[in-house]
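J.: When you get a sec, could you give me coordinates for this:
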Amino acid sequence: MLSDILDANRNSFNLVRLIAAISVIVSHAYAIGIGPGAPQPLGSLTPFTLGQHAVNAFFFLSGLTLSLSLARNPSLLHFVAARFLRVIPGLFVCGAFFAFILGPAMTTWNLTDYFSDAHTWLYPLAVLVKFAWAEPPHGIFTSAPYSETPNDPLWTLKYELAAYAGLALLQLSGLLRSWMALIAVLLIAALVYVLTASMIGNTSVPGWAYNMGRYGFCFMLGALAYRFRSGIPLTPWLLTASLAVAIAATGTRFASLAYIVLVAHLVIVIGSFGFGPLTRFARDTDVSYGTYIYGWPIQQSIVVLFPTMSAELMILCALAIVLPLAFASWTLVEKPSLDLKRVFRGRRVKMESA
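T.: Residues are numbered from 1 along each chain as shown. Prediction:
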């Protein structure tokens, strides 16, 4: 049962996160290398590309693991501090790396003008507020297919933070303990997603509503998985049922929801297995976040320097650079920041097995 593997020492969820982050890099290699509209893995077979499936997996895992975290320690102060320390310090240093190390190497401006420009100095702070839409230092990636977007994947972070806020409100109101309330929120998110997905291209439908529906459904699916953890079996054979439902839903407006459920099911099944040294490494050294936030700017740099490089070679080159950067981010920034959580630690609750 899912309840049997929720302890961090008994699952491979961190490894699943890393695989998802690498999947985003794989998917983006085709978009960056070929340009907007380029076909991406799984894009023609399912409602989502490989990278989009990976982001759905991120949100599902967040809903699952953060529900566990709040159950173990119901202090909202600790929860907010932990989420801040997990996201913000690493993002700030990534912005500083972009502005002061990668930027000078990639800008078309002379360095005097580059370092005299206010955008150069403000970018590490702007990225904390505007995420992917923070105006970058000038002269960066001017020949890249997505020159206007220095770090496109960061746009999902605001929805991640919105999910954290929603979970905190459910905890504050006491609704997090009600399975009926959780199902109601899940159904609302599903309804918003299905309605807005059917109207894509209609300028009167805000993109944020579509994203809130999609990611809200993924996140609440994780919260519900935690709520019913004692009744969710982990046998791989049941994946055939989820796959059959997804295939049957293909072509309908519910296909996307079915594939989200399939990916969520796949995540907990894979996470239930141990992969030896890989599981232990990912458990002790969580480089998934760094891989996610450094991937795009490194891939943009590669395509500027080597515009004819194949997507497959770009994947290998990007991973060879990004993974060491992610390791440094975890070791020097993220883990020391997370160690500060003990300052905000509240009363921990002894967990029951059910």
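J.: what's in contact with stretch 189-197?
T.: When contacts are defined by CB atoms under 8 Å, 6 or more residues apart in numbering, stretch 189-197 is touched by residues 205, 209-210, 212-214, 216-217, 220, 253-254, 256-257. Glycine gets a C-beta too; all of them are placed from N, C-alpha and C.
J.: do you know how far Pro89 is from Ala249?
T.: As for Pro89, its distance to Ala249 is 41 Å (criterion: CB to CB, to the nearest Å).
J.: same question but for Pro124, I mixed them up
T.: Counting by CB to CB - Pro124 and Ala249 are separated by 44 Å.
J.: Check Gln40 too.
T.: 21 Å.
J.: Could you do Leu6 as well?
T.: Using CB to CB, one obtains 29 Å as the distance from Leu6 to Ala249.
J.: Between these two, which is the more surrounded one?
T.: It is Leu6, of Leu6 and Ala249, that has more neighbours when counted by other CB atoms under 10 Å, with 23 against 18.
J.: Show the contacting residues for that one.
T.: Leu68, Tyr226, Arg229.
J.: So which of those are in strands?
T.: Judged by DSSP state E, strands contain none of these.
J.: Distance to Leu15, pLDDT and neighbour count for those - can I get that in CSV?
T.: Shown next, in CSV, are the contacts of Leu6 (distance: CB to CB, whole Å; pLDDT from 0 to 100; neighbours: other CB atoms under 10 Å):
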residue, distance to Leu15, pLDDT, neighbour count
Leu68, 17, 93, 19
Tyr226, 19, 94, 22
Arg229, 20, 92, 21
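J.: from the contacts of stretch 189-197, which would you call buried?
T.: Buried residues within the contacts of stretch 189-197, defined by neighbour count using 16 or more other CB atoms under 10 Å: Tyr210, Met212, Gly213, Arg214, Gly216, Phe217, Met220, Phe254, Ser256, Leu257.
J.: Go through those residues and name the one with the lowest pLDDT.
T.: Among those, Tyr210 carries the weakest pLDDT, at 88.
J.: so how far is Ala189 from it?
T.: 11 Å.
J.: and if you look at Leu2?
T.: In this view, Leu2 and Ala189 are 21 Å apart by CB to CB.
J.: Same question for Thr240.
T.: Between Thr240 and Ala189 the computed distance is 26 Å (CB to CB).
J.: ok, the two, which is more surrounded?
T.: Ala189 (22 against 9).
J.: pLDDT of stretch 330-344, averaged?
T.: 88.
J.: What residues of it count as buried?
T.: Under the neighbour-count criterion of 16+ other CB under 10 Å, stretch 330-344 has Trp330, Val333, Glu334, Ser337, Leu338, Lys341, Phe344 buried.
J.: where in this protein is pLDDT low?
T.: 200-205, 344-354 (pLDDT under 70).
J.: ok, 80 please
T.: 34-38, 147-148, 198-206, 341-354 (pLDDT under 80).
J.: what residue of it is the furthest out?
T.: Thr112 (36.4 Å; CA atoms, centre = their mean).
J.: Which strands or helices does the helix or strand harbouring that one pack on?
T.: Using DSSP states H and E, Thr112 falls within helix 111-116. The helices and strands touching helix 111-116, judged by 3 or more CB pairs under 8 Å, 6 or more residues apart in numbering; DSSP states H and E, are helix 103-106.
J.: for the helix it packs on, the distance to its chain's centre please.
T.: Relative to its parent chain, helix 103-106 has a centroid offset of 27 Å by CA atoms, centre = their mean, to the nearest Å.
J.: contacts for that helix?
T.: Helix 103-106 is contacted by residues Leu111, Tyr114, Phe115, Thr120, Tyr123, Pro136, Pro137, Gly139, Ile140, Phe141, Ser301, Val304 when judged by CB under 8 Å, 6+ apart.
J.: Widest-spaced pair of the residues you listed?
T.: Phe115 and Val304 (20.1 Å; CB to CB).
J.: outside of stretch 211-221, which residues touch it?
T.: By CB under 8 Å, 6+ apart, stretch 211-221 touches 55-57, 59-60, 62-63, 156, 159-160, 162-163, 166-167, 182, 185-186, 188-197, 256-257, 260-261, 264.
J.: Equivalent analysis for stretch 279-288, please.
T.: Against stretch 279-288 from outside (CB under 8 Å, 6+ apart): 8-9, 12, 14-15, 17-18, 20-21, 323, 326-327, 329-331, 334.
J.: make it 7 Å
T.: For stretch 279-288, contacts defined as CB atoms under 7 Å, 6 or more residues apart in numbering pick out Ala8, Ser12, Asn14, Leu15, Arg17, Leu18, Ala21, Leu323, Ala326, Phe327, Trp330.
J.: Can you get me the start-to-end distance on that stretch?
T.: End-to-end distance for stretch 279-288: 13 Å, by CA to CA, to the nearest Å.
J.: Could you list the buried residues of it?
T.: Using 16+ other CB under 10 Å as the test for burial, stretch 279-288 gives Thr279, Ala282, Thr285, Asp286, Val287, Ser288.
J.: From Ala54, how far off is the last one?
T.: In this case it means Ser288. 10 Å.
J.: Repeat that for Pro145.
T.: Distance from Pro145 to Ala54, by CB to CB: 21 Å.
J.: more neighbours, those two?
T.: A side-by-side neighbour count of Pro145 and Ala54, using other CB under 10 Å, places Ala54 first with 23 against 19.
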